[in-house]
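Got a predicted model here, sequence first, then my questions.
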Amino acid sequence: MPETLTTDEIQRTRDRLTKVLRRARYAAMGAAVGAAIGGLFSRNAASTGGAIGGLVGAIVAETTWTASSALKRVRDRNDK
């Protein structure tokens, strides 16, 4: 019989999934913008632009997530 998850475990899993989906969304948007800009020059530049844009998007998502989670921890600490 499978074990039931605690509320804390469910919240951690939800946070991890949110982080992964946010990173994927930002990476996809970055890749699309990079490919569009690179496509103005050549097919090879579109491919390179998409790759670089995807990396930049993932970095932006990670930075945004880190900043928002830090602010949430500070607010939670102040509420106590």
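Ah, there it is. Numbers count the residues shown, from 1 in each chain.

packing partners for the helix or strand that contains Thr63?
Secondary structure from DSSP states H and E places Thr63 in helix 43-79. If you count contacts as 3 or more C-beta pairs under 8 Å, 6 or more residues apart in numbering; DSSP states H and E, helix 43-79 packs onto helix 7-39. From N, CA and C alone the C-beta is placed, and that goes for glycine too.

any idea how far the residue most central in space within the chain lies from Leu5?
Nearest to the mean C-alpha position of the chain, by C-alpha atoms, centre = their mean, lies Arg23 at 1.8 Å. As judged by C-beta to C-beta, to the nearest Å, Arg23 and Leu5 stand 23 Å apart.

repeat for Ser47
Taking C-beta to C-beta, one finds Ser47 at 42 Å from Leu5.

who's more crowded, those two?
Neighbour count, other C-beta atoms under 10 Å: between Ser47 and Leu5, Ser47 has more, with 14 against 11.

Go ahead and confirm that one touches Gly38.
Yes - Ser47 is within contact range of Gly38, at 7.1 Å (criterion: C-beta atoms under 8 Å).

circling back to that earlier point, which residues sit in contact with the residue nearest to the centre of the chain?
By C-beta atoms under 8 Å, 6 or more residues apart in numbering, Arg23 lies in contact with Ala58, Ala61, Glu62, Trp65.

Next, the angle from the helix holding Thr63 to helix 7-39.
Between helix 43-79 and helix 7-39, the angle comes out at 150 degrees (axes from the mean of the first three to the mean of the last three C-alpha atoms, to 10 degrees).

Check which residues of helix 43-79 are buried.
Going by neighbour count (16 or more other C-beta atoms under 10 Å), the buried part of helix 43-79 is Ala46, Gly49, Gly50, Ile52, Gly53, Gly54, Val56, Gly57, Ala58, Val60, Ala61, Trp65.

Just flag the most distant two among those.
Ala46 and Trp65 (28.2 Å; C-beta to C-beta).

what secondary structure does Phe41 sit in?
State at Phe41, reduced to three classes by DSSP: H, G, I helix; E, B strand; the rest coil: coil.

if I look at it, how far off is Gly50?
For Phe41 relative to Gly50 (C-beta to C-beta), the value is 13 Å.

Could you tell me which residues touch both of these two?
Contacts common to Phe41 and Gly50, judged by C-beta under 8 Å, 6+ apart, are absent.
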